[in-house]
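Visitor: Got a sequence here, can you model it:
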Amino acid sequence: MPTVAPLDLDGHCVATAWLKDIPHFALADGVVHRLDHGHKRVEAHDGLLAAACDGGRLLTGGEDGKVTAVSPDGSIELLAEIGRKWITSVAAGPQGAVAFASGRIAYVRFADGRLREFQHPRSVEGLAFAPKGMRLAVARYNGATLHFPATESKPAELEWAGAHMGITFSPDGRFLVTTMQENALHGWKLADGKHMRMAGYPVKVKSFSWSSKGRWLATSGAPAAIVWPFQAKDGPMGKTPLELGTRGDTMVTQVCCHPVEEIVAIGYADGMVLAARFADSKEVLLRRAGKGAVTAMSWDAEGRRLAFGSETGECGVVDISA
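Guide: Numbers count the residues shown, from 1 in each chain. Purely as a prediction, here's the structure:
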């Protein structure tokens, strides 16, 4: 049976991450907690809004206009500071590059400290780096923009009416998918610009996660994890998604695919966490319902332990090998 090691914190958990096998929990108040031979904490921001993990560091952006990198030992490196502006999105890139956004500007900071700015007509909502090469995707109003930060080449524009909020590349780099302000996803097949529309959600999609080989994209936004197939050359077009972990009365708020197996951890609005297998929809209860919605989840590298956090500060680690 899975065992849960709880960590009760005070406040909304924005992100969880594993650094050198140590679970980290980033809270909205700007404090990053870690379980490393006891409970330790470090203050990264005066108000934390966004976070991403590059494997070795937890990258964070705050209400204080700062972008920081938190190391496994708790040390903090200031990567950038743009004055009294909110950093609303952060993404980890190749070769130590970091992207972050504030207002209408997307920034890319290279490993040598060089900073590039990319202006947009409307606010930048989401950021994602391509799995190969230095290519940055920006979610914006009426579509997405692809920048090539290491060169002076013109950006590529992908248009689709509406507000695009989150953004992700498929692990093989063939597809780009956005979450929308409406209850839908939109996607592009990058080779030919072909559109993919994934609609029918009862609420907005706020969480998405690719399976280990990129064959599936799991999403929140319904009383089940909606899992779209991406094996075919045109992605999910004409295909029916899987519906895993269906609960009639409770919305899925977070999804996190296992790093090795075709399994997804599913977090719900009542704090429950399930794991479900794509092949046969088999479910395992990882955590019973708590006091608030699950807002963050991440597996360790081996996929034996799952860190989770909630909007009420109920956090912890589930060990599935127990």
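Visitor: where's stretch 8-22 relative to the chain centroid, distance-wise?
Guide: Using Cα atoms, centre = their mean, to the nearest Å, we find the averaged C-alpha position of stretch 8-22 to lie 14 Å away from the chain's own average C-alpha position.
Visitor: Likewise for stretch 14-29?
Guide: Centroid displacement of stretch 14-29 relative to its chain, using Cα atoms, centre = their mean, is 13 Å.
Visitor: Just the C-alpha atoms of that stretch, please, in CSV.
Guide: Extracted C-alpha coordinates of stretch 14-29, given in CSV (Å, rounded to 0.1, in the frame of the first residue of the first chain):
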residue,chain,number,x,y,z
VAL,A,14,2.3,26.8,-6.2
ALA,A,15,4.8,24.1,-7.2
THR,A,16,6.6,20.9,-6.1
ALA,A,17,9.9,19.7,-7.5
TRP,A,18,12.6,17.1,-6.8
LEU,A,19,16.1,18.4,-6.6
LYS,A,20,18.8,15.7,-5.9
ASP,A,21,16.1,13.4,-4.7
ILE,A,22,14.9,16.0,-2.2
PRO,A,23,11.3,17.1,-2.4
HIS,A,24,10.7,20.9,-2.5
PHE,A,25,7.4,22.8,-2.0
ALA,A,26,7.1,26.4,-3.3
LEU,A,27,4.4,28.4,-1.6
ALA,A,28,2.7,31.6,-2.7
ASP,A,29,4.1,33.6,0.2
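Visitor: So, low pLDDT: which residues of the stretch 201-322 of the chain?
Guide: Screening the stretch 201-322 of the chain residue by residue with the criterion pLDDT under 70, one finds the ranges 322.
Visitor: and stretch 137-146, which residues are buried?
Guide: By neighbour count on 16 or more other Cβ atoms under 10 Å, the buried set for stretch 137-146 is 137-141, 143-146. (Glycine included, C-beta is placed from N, CA and C.)
Visitor: for stretch 222-234, same thing?
Guide: Within stretch 222-234, the residues scored as buried using 16+ other Cβ under 10 Å are 222-230.
Visitor: In the residues you listed, find the pair that's most separated.
Guide: The largest distance within the buried residues of stretch 222-234, taken as Cβ to Cβ, falls between 223 and 230 and amounts to 22.8 Å.
Visitor: Which secondary structure elements does the longest strand along the chain sit against?
Guide: With secondary structure taken from DSSP state E, the chain has its longest strand at strand 156-169. The contact analysis (3 or more Cβ pairs under 8 Å, 6 or more residues apart in numbering; DSSP states H and E) places strand 156-169 against strand 126-129, strand 136-147, strand 175-180, strand 185-189, strand 208-210.
Visitor: Rebuild those as JSON lines, extending it with distance to residue 269.
Guide: Rendered in JSON lines, the data for the helices and strands packed on strand 156-169 read as follows (distance: least, Cβ to Cβ, whole Å):
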{"stretch": "strand 126-129", "distance to residue 269": "22"}
{"stretch": "strand 136-147", "distance to residue 269": "24"}
{"stretch": "strand 175-180", "distance to residue 269": "17"}
{"stretch": "strand 185-189", "distance to residue 269": "20"}
{"stretch": "strand 208-210", "distance to residue 269": "17"}
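Visitor: what's the closest of those to residue 266?
Guide: Here strand 208-210 is closest among those (Cβ to Cβ), at 10.0 Å.
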